[in-house]
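Student: need a structure here:
(2 chains)
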Amino acid sequence: TQLLEQSPQFLSIQEGENLTVYCNSSSVFSSLQWYRQEPGEGPVLLVTVVTGGEVKKLKRLTFQFGDARKDSSLHITAAQPGDTGLYLCAGAAGANNLFFGTGTRLTVIP
Amino acid sequence: GAGVSQSPSNKVTEKGKDVELRCDPISGHTALYWYRQSLGQGLEFLIYFQGNSAPDKSGLPSDRFSAERTGGSVSTLTIQRTQQEDSAVYLCASSYPGGYAEAFFGQGTRLTVV
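Tutor: Residues are numbered from 1 along each chain as shown, chains lettered A, B, ... in the order given. Alright, predicted model coming up:
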């Protein structure tokens, strides 16, 4: 089982602040995904990155895949209360098996 | 169907009883995953199916846990002789062939063992 460590585990910030969440592993992945999960719901896919060094932007969210395809970061600019949730990275390896990170619980205070 | 469907949505069972959790994946999705999530925690991988076979069942925590998938569609996760530590939300996800294993999740089954 590939291990993906996320940091920080918990993050509480004021509305309007910026933040970065990290996802690190010693394994190489064919693709890496970020999901957000809200209470009582299953995780929902935000983005997939597949190329080392790739950067993708989704409104105020910027996702980066490390050059060696072992790590990733998620940067949120001017956080909003609607960004509150559990953020999970996930790495795909081999024949499409998917392993999830330990999660970062974000709270944005109005 | 339109999305991944799990049933039941909630299950309360007595310690020692067996339970079955069901997952109906999105039509045409060949990969199916089961995860377990304890309160406030991340996702613990249980088992992965490609079609009807399970190339990776390394995450099943004990021999009380088993899963099967029939017809390349519906999957059932069975927990025998439930224990209180089995209490968690059990999430199922599916993904389409030829993609990047992007997972579509059901809403989960909340299992409480009393």
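Student: drop to CA atoms for contacts and neighbour counts, all remaining ones
Tutor: Fine.
Student: just give me the neighbour total for residue 34.
Tutor: Let's take chain A. 24 (other C-alpha atoms under 10 Å in any protein chain shown).
Student: not what I meant, chain B
Tutor: Using other C-alpha under 10 Å, residue B:34 has 26 other residues around it.
Student: what's across from residue B:32 in the sheet?
Tutor: For residue B:32, the beta-bridge partners under DSSP bridges are residue B:49, residue B:94.
Student: sorry, wrong one. I was asking about residue A:49.
Tutor: Applying DSSP bridges, one finds that residue A:49 bridges with residue A:32.
Student: how much space between it and residue B:101?
Tutor: 12 Å (C-alpha to C-alpha, to the nearest Å).
Student: same question for residue B:24.
Tutor: Counting by C-alpha to C-alpha - residue B:24 and residue B:101 are separated by 17 Å.
Student: make sure residue B:24 is actually in contact with residue B:72.
Tutor: No - if you go by C-alpha atoms under 8 Å, residue B:24 and residue B:72 don't touch, sitting 10.3 Å apart.
Student: who's more crowded, those two?
Tutor: Neighbour totals were compared for residue B:24 and residue B:72, and residue B:24 leads with 21 against 18 (other C-alpha under 10 Å).
Student: beta partners of that one?
Tutor: In this entry, residue B:24 is beta-bridged to residue B:5, by DSSP bridges.
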